[in-house]
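Chemist: Sharing a model prediction with you, sequence too.
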There are 2 protein chains.
Amino acid sequence: MERFKDVLKASNLKSTHQRLAILDSIDQFGHIDIDTLFDVIIRKYPTMSKATLYRNINDLINFHILEEVKLPHQKQQYEIKKVPHIHLLCSKCGSVEDIFIDTKPLLEAISHQSGFIINSSFMVMNGICQHCRS
Amino acid sequence: MERFKDVLKASNLKSTHQRLAILDSIDQFGHIDIDTLFDVIIRKYPTMSKATLYRNINDLINFHILEEVKLPHQKQQYEIKKVPHIHLLCSKCGSVEDIFIDTKPLLEAISHQSGFIINSSFMVMNGICQHCRS
DNA sequence: CTTAAATAGGATAGTTAATATCTTATTAAG
DNA sequence: CTTAATAAGATATTAACTATCCTATTTAAG
C-alpha cells in the first residue's frame, strides 16, 4: 500500500508499520470499529497497543485522513475519508453499505431555506438491504 | 406537561417526576447531551442520580419516545422523537439547528439505485449557520 | 551505510462514561 | 389507605479512552 505512505508523508507523519496497518485494514473493511480493528491488526503486529491505536486514529482524524462514522445504535466506526457518500444500515443483518448518489439538489434546497452554508454532509439510511428482502 | 404523562402511560411507564423532568428538559432544549441534561434536572431534583438518568434515557429510547443523535465530533445527544428533520451543525458557534424539508426525492433515488428499503433516515449538515455568516 | 534528532510505540496508570446490583421509596389501582 | 409493582438512589463495577514515561523506530544528512 504505497498510496498510504504518500498520504502520511503529505501530512509529515512517519510511515510506521502500525499506521500503515491501520489504514490498510480500515481500507479493506470500508468501515470498522476499534475492537475489530485491534483484533485484525494484532494478528499481524502482536505488539500493537490499544494506546497506539487510539492515538493514531485520532491523529489521522485530525489530519483528515480518517473520518469517524457515528451510526445510531452502533459503536463508533472509522473509515478512510473519501468522496461523499451515504450509509445504508440494514436493521436485519446489520450490514453497512455505501452508496454514491447526487445530493446536490437537496443540499441546495436546505441552504436556500435556512441560509446555512453546507461544507459537508453525513447521511444514514436505516432499513432493509436488498439481500435481506429476498 | 400533561402530554408526556400520556406518552408514558401509552408505554406502561410510570410518570415519575424524574421522567417528566427528563422529557420536559429535552423538549425545551431540542437536543441535549447527558451532562447538560443532568445539570438542568439536578437543579429541580437535587437527589437525581446519574444511574437513574442513564437508565431512563435508555428505557425511553427503547420505547421510541426518545432518539439518540450522534453528531460527528460531538458528544452524543438526545431528543424527543418527532417528524423527520435534518440537523444543521455550525462549525463556528457549535449550534445545532433543525430543518424540516422534503427528502422523499432523494430517498426514492437511493431506494431505486440500491434496492434498499428505507425506514428512517438521519442527516447532518456541517457548515456555517446564517448567524455566523453575517 | 552510519548516525543523530525527531517522532512514534508500548506498558502502565489514571480518567471518564456507562452499567449492574441492591435497598429504599414512590406510583397507581382497588 | 393499602399493597403490589416498579422506579429511584447509592454504590460498585465494567468498559472506553487518554496521559505519561521510557524505549524503539524512522528519516534525513553526512
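Modeler: Nice, I can see it.

Chemist: Now do stretch A:117-124: everything it contacts.
Modeler: If you take CB atoms under 8 Å, 6 or more residues apart in numbering or on different chains as the criterion, stretch A:117-124 is touched by A:69, A:71-72, A:84, A:86-89, A:103, A:107, A:110-111, B:72, B:91, B:121-128, B:133. Any C-beta I mention is one placed from the backbone N, CA and C, and that applies to glycine too.

Chemist: Give me the subset of those residues that lies in helices.
Modeler: Secondary structure of those is defined by DSSP state H; positions in helices are A:107, A:110, A:111, B:133.

Chemist: filter the contacts of stretch A:117-124 to the buried ones?
Modeler: For those, a burial check counting by 16 or more other CB atoms under 10 Å in any protein chain shown picks out A:69, A:71, A:86-89, A:103, A:107, A:110-111, B:121-128.

Chemist: What residues does chain A have near chain B?
Modeler: For chain A, the contact set with chain B under CB under 8 Å from any CB of the partner chain comprises A:67-68, A:70-73, A:76, A:86, A:88, A:90-91, A:97, A:99, A:101, A:103, A:105-107, A:109-110, A:113-130, A:133.

Chemist: now do 6 Å
Modeler: Counting by CB under 6 Å from any CB of the partner chain, the residues of chain A close to chain B are A:68, A:70, A:72, A:88, A:99, A:101, A:106, A:109-110, A:114-130.

Chemist: from these, which ones fall inside strands?
Modeler: Cross-referencing the residues of chain A next to chain B against strands under DSSP state E gives A:68, A:88, A:99, A:117-128.

Chemist: Could you point out which of those is nearest to DNA strand C?
Modeler: Nearest to DNA strand C, judged by CB to the nearest atom of the strand, of these is residue A:68 at 14.6 Å.
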